[in-house]
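Trainee: sequence isn't available, so here's the structure alone:
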């Protein structure tokens, strides 16, 4: 299966519910010192701190509200991974090629 990686841009959040925006996601990644969030389908997510340590959810599998909002966005937009690399945010999608790619 093919994997497509695109830099996140503000327009990617055009239909997202407030407060979700590119700036919001960047702030959440900085606040919790995150490297990436991976979605494995259904309600299965993996949240990685920098440098590669897992973020452990609270009892009951609950993450902070800001991270849960990013989970919802990832499900809605069918994003498999959101990653921060060199100060930029990227999204990775498996399968069908998205309409916009950064080469």
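Mentor: All right, it came through fine. Because the structure is a prediction, the values reported are computed rather than measured.
Trainee: so what touches stretch 82-91?
Mentor: With contacts defined as C-beta atoms under 8 Å, 6 or more residues apart in numbering, stretch 82-91 is touched by 5-8, 12, 22, 25-26, 29, 34-37, 70, 74, 77, 79, 81, 92. C-beta here means a position set from N, CA and C on the backbone, and glycine is covered the same way.
Trainee: and that stretch, how far out from the chain's middle?
Mentor: In this view, stretch 82-91 has its centroid 9 Å away from the chain centroid, taken as C-alpha atoms, centre = their mean, to the nearest Å.
Trainee: which residue is the nearest non-sequential neighbour of residue 91?
Mentor: In this structure, residue 91 finds its nearest non-sequential neighbour in residue 79, 4.9 Å apart by C-beta to C-beta, 6 or more residues apart in numbering.
Trainee: oops, could you answer that again for residue 54 instead?
Mentor: Nearest non-adjacent residue to residue 54 (C-beta to C-beta, 6+ apart): residue 48, at 6.2 Å.
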